[in-house]
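sequence isn't available, so here's the structure alone:
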């Protein structure tokens, strides 16, 4: 009998995990409020509303949308062989206690190098996205012990996302923009994570019964300038990138921070096949093509997490005034 996996959430992680487990011979069921658009088989979807639906039972449960302790409280260790939950690299704090959550107000964290899994994190609590994620992590480990696997990705990219940072560049290309300002002179580095690496690590953890905490990261951490250059190369187009020093919103992309936020994903890579350990440029092509080949009519409705950023990402009039003054 095939091993069973229940995937909670039908976004980009659910899509990648479903494909990966299905190819490995697992019996896959996706639990989501509505049938995902990418699903070809209705029998692999179950309507699921957390708090109002019974929790899924399976050899492996992958919860891609667990945000706090209450989201994992209903899972029974006796009925679930392994619980894999998706957390976030935003839980790490620097020596001064600074985190990504409060970066715009208190300053962004500074680390001496790529952050490993044993680096200090925020304290658990209800205050922020990251403190709630730590609550969720601790509840999962307390409830499942060695049968709990925690995945900490960073800036995820892939098809079927509702938070496509790459849209910042792709939309400009589609709109005919040929000069693109980049704040912090385009040197910002914010760790990307290929969604396929999340799926590959989840499958490896399920098959190898590997518990604990795993950072999920690409093998490189490119600058915003390098990201833009890669995206335009994927689509066979060119643009002039204009460095912008200082603060403000002109040239501010979803990766733009004053310095570098990088995580060390080597622990996870020891679980998976060597071919998974590739660079951003190696893996971002499908995400870029997915955006460029079928751009949404209303990107704010299609990408609500991206639309929630606290500045206008496509204020071309302001960009043009700035560029005319160069």
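Done, it's in. Quantities reported herein were computed from a predicted structural model and do not represent experimental measurements.

can we go C-alpha only for contacts and neighbour counts from here?
Will do.

which stretches of the stretch 51-200 of the chain form strands?
58-63, 80-86, 148-153, 155-157, 179-183, 189-190, 192-194 (DSSP state E, counting those that start in this stretch).

what angle do the first one and strand 148-153 make?
Our comparison of strand 58-63 with strand 148-153, counting by axes from the mean of the first three to the mean of the last three CA atoms, to 10 degrees, yields an angle of 30 degrees.

likewise for the second one?
Here strand 80-86 runs at 20 degrees with respect to strand 148-153, directions being taken by the same axes, to 10 degrees.

adjacent strands (with direction) for strand 80-86?
Strand pairing for strand 80-86, determined by DSSP bridges: strand 58-63 (parallel), strand 148-153 (parallel).

the first one: how far from the chain's middle?
In other words, strand 58-63. Computed by CA atoms, centre = their mean, to the nearest Å, the chain-centroid distance of strand 58-63 equals 19 Å.

can you list the neighbours in contact with that strand?
3-9, 79-86, 202, 206 (CA atoms under 8 Å, 6 or more residues apart in numbering).

of the strands paired with strand 80-86, which stretch is the most buried?
strand 148-153 (a mean of 24; mean count of other CA atoms under 10 Å).

quick one: contacts of it?
So strand 148-153 is contacted by 82-89, 137, 140-141, 193, 198, 205, 210-217 (CA under 8 Å, 6+ apart).

one more time with 6 Å
83-89, 141, 193, 211-216 (CA atoms under 6 Å, 6 or more residues apart in numbering).

do stretch 76-94 as well
Applying CA under 6 Å, 6+ apart, the contact partners of stretch 76-94 are 57-64, 99-100, 109-110, 121-122, 130, 133, 144, 147-154.

pLDDT of that stretch, averaged?
Per-residue pLDDT values across stretch 76-94 average out to 97.

hang on, the earlier thing: and the two most separated of the contacts of strand 148-153?
Farthest pair in these (CA to CA) is 141 and 193. Separation: 23.4 Å.

out of the two, which sits in the more crowded spot?
residue 193 (28 against 18; other CA atoms under 10 Å).

what about that one, distance to residue 157?
Remark: distance between residue 193 and residue 157 (CA to CA, to the nearest Å) = 6 Å.

so for residue 322, what's the pLDDT?
At residue 322, pLDDT is 92.

tell me the secondary structure for it?
The three-state label given to residue 322 by DSSP: H, G, I helix; E, B strand; the rest coil is helix.
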